[in-house]
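[1] sequence unavailable; structure follows:
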Ligand code: FES
Ligand SMILES: [Fe+2]
């Protein structure tokens, strides 16, 4: 059984709140996704602070492909495939570090930090000098840009500029990157772990699923003040036509109320309020920048869901701190995030249990693949013109509007031959 | 030249043999508590000033790697970085009745080997002990995880002839953690 692209609109009836789980397990859908979605969308690579000096690099992935992101001598940032042009071997196997060049360990072709091919063994005697090194540099991304220090890239030269791609999501991103004059940095140490499930399950959850926390996380959040079964915290949800989602509640932006971090944040509030207004002060919750970057402002957490096959993904989890915060505040943030997030985090470990078993059922099942999933929470209760918040807004913290929007956008990427510009899709009236 | 190997081997006496035996028995007892889900009893093996840390293992070039992987590297994200007040939160969670990742509980086996004991240079009367572990987890119907690694402990003798864990650093031999979570203790 394999799904054709033409069938996808039947599998993703976002406007009715019906999604077929076949899109989470089908091998062909996954293969198409690597090209049509991950080959075109702007994808998060790294933050400025992770590669401060010339030669600093960070090894990551764009969809299924390994990509090096590296600081250049002139301070700019480049990103290129970590795959040698000779036989496709990885040219760099360290996850991060500082390098002047990368020598492929297969036959020794060497590339400088900009990706240019600078040395080929036996160029004269074996190649008879018939090799134009200029043509055989590492494959560069088509476009690279940053939003306030967050670097993104796309492999599609026809993709619109990053700012347009992020759209109304920047209003919400500002609440955790531009809330203080000094901005943010990422703490050293990326927590990486493996889920046997589909990456979209995690991305949609972070876009809009505050609903799961009271039950999934009752043994952790229930113990540190946020959990109350059956009682919905006050908040709202944002859905972007560009596929992004943000679910917000307002309150304490730290997990604990008795550490240097919470004292610091309380003192910081007037500064945030002056910069962003009260509508974005003490904003917490969960978000997804389409397609696979997510975060939790209350845990100062940022992560990428890296696809590793239809039924496997890796979580790469980063911790954000205010760059100018005192050392003991950064330490408190590190300790708090270590406790709650990550593979061992008391909050996060219960998510893995759900996602793995959902994946196992789909891997083995036939009937379970034919059963539509229900995405109908809050259907028909959203408004397009909120007085304070841009985007499509649901007036409660629980809802599945951001998830429906995520799959609407996903479907557009999967079914259109050209880059699916939001205005073009709208004009043609082709919204399903 | 008397090699370092010879020096280390001849340092063993009847006294060290007995100490080796007692410390190994302590570790087997600890493993039993973990494998029988007696988390509070396990927690009580730690001294109140203890610390439990499980750093992230990094893939770095040989020339840029860390000389001592168990040493603290300042403010850096870790899988665990817990004083005893914090470790208590983990232990309470396991026994909460709603920690779904461990309910129904996993079956685990903690195998402890390669126990190497040195008198602690930093804390008189205590021992700095390194041991290797292999932990097998079997969960629900057919889930299996295997973790190997090394523990760096500070063991402090107690009045009743046993020990307290006064510090523990766990080096887990994985970069990307290969399991869906780390809901076990090492
Ligand atoms: S594959 Fe890189 S030099 Fe041959
Ligand atoms: Fe969760």
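    That came through, no problem. This structure is a prediction, so every number in the text was calculated from the model and none was measured. Ligands and ions are numbered 1, 2, ... in the order given.

[2] what's the single longest strand in chain B?
    strand B:143-157 (DSSP state E).

[3] okay, now residue 172: neighbour count?
    Chain wasn't specified; assuming chain A. Per other Cβ atoms under 10 Å in any protein chain shown, the neighbour tally for residue A:172 reads 24. C-betas here are computed from N, CA, C, even on glycine.

[4] chain B was what I was after
    Using other Cβ under 10 Å, residue B:172 is surrounded by 23 other residues.

[5] distance of it from residue B:80?
    Distance check for residue B:172 against residue B:80: by Cβ to Cβ, to the nearest Å, it reads 10 Å.

[6] what do those two both touch?
    B:54, B:182 (Cβ atoms under 8 Å, 6 or more residues apart in numbering or on different chains).

[7] show me what the longest strand of chain B is packed against.
    Where contact means 3 or more Cβ pairs under 8 Å, 6 or more residues apart in numbering or on different chains; DSSP states H and E, strand B:143-157 is packed against strand B:127-139, strand B:163-172.

[8] right, and these - which one's nearest residue A:259?
    Across the helices and strands packed on strand B:143-157, residue A:259 has its closest neighbour in strand B:163-172 (21.9 Å, Cβ to Cβ).

[9] how about the closest one against chain A, any contact?
    No. With Cβ under 8 Å from any Cβ of the partner chain as the criterion, chain A is not reached by strand B:163-172; the gap is at least 9.8 Å.

[10] need the contact list for the spatially most central residue of chain B.
    The C-alpha lying nearest the average C-alpha coordinate of chain B belongs to residue B:151 (Cα atoms, centre = their mean; 4.1 Å). Applying Cβ under 8 Å, 6+ apart to residue B:151 gives the contacts B:130, B:131, B:132, B:133, B:168, B:169, B:170, B:171, B:186.

[11] just residue B:185 next, same as before
    B:34, B:39, B:42, B:90.

[12] 10 Å instead?
    When contacts are counted by Cβ atoms under 10 Å, 6 or more residues apart in numbering or on different chains, residue B:185 touches A:344, B:30, B:33-34, B:39, B:42-43, B:52, B:54, B:80, B:87, B:90-91, B:94, B:108, B:110, B:135, B:168, B:170.

[13] and the strands in chain B, which stretches?
    Applying DSSP E to chain B gives strands spanning B:51-55, B:78-83, B:107-119, B:127-139, B:143-157, B:163-172.

[14] so can I have a markdown table of those strands showing distance to residue A:242?
    Listed next are the strands of chain B as a markdown table, based on distance: least, Cβ to Cβ, whole Å:
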| stretch | distance to residue A:242 |
| --- | --- |
| strand B:51-55 | 38 |
| strand B:78-83 | 34 |
| strand B:107-119 | 45 |
| strand B:127-139 | 39 |
| strand B:143-157 | 38 |
| strand B:163-172 | 39 |
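
[15] mind putting those strands into a markdown table with mean pLDDT and distance to residue A:140?
    A markdown table is the format used below for the strands of chain B (pLDDT from 0 to 100; distance: least, Cβ to Cβ, whole Å):
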| stretch | mean pLDDT | distance to residue A:140 |
| --- | --- | --- |
| strand B:51-55 | 98 | 34 |
| strand B:78-83 | 98 | 35 |
| strand B:107-119 | 97 | 47 |
| strand B:127-139 | 98 | 43 |
| strand B:143-157 | 98 | 39 |
| strand B:163-172 | 98 | 36 |
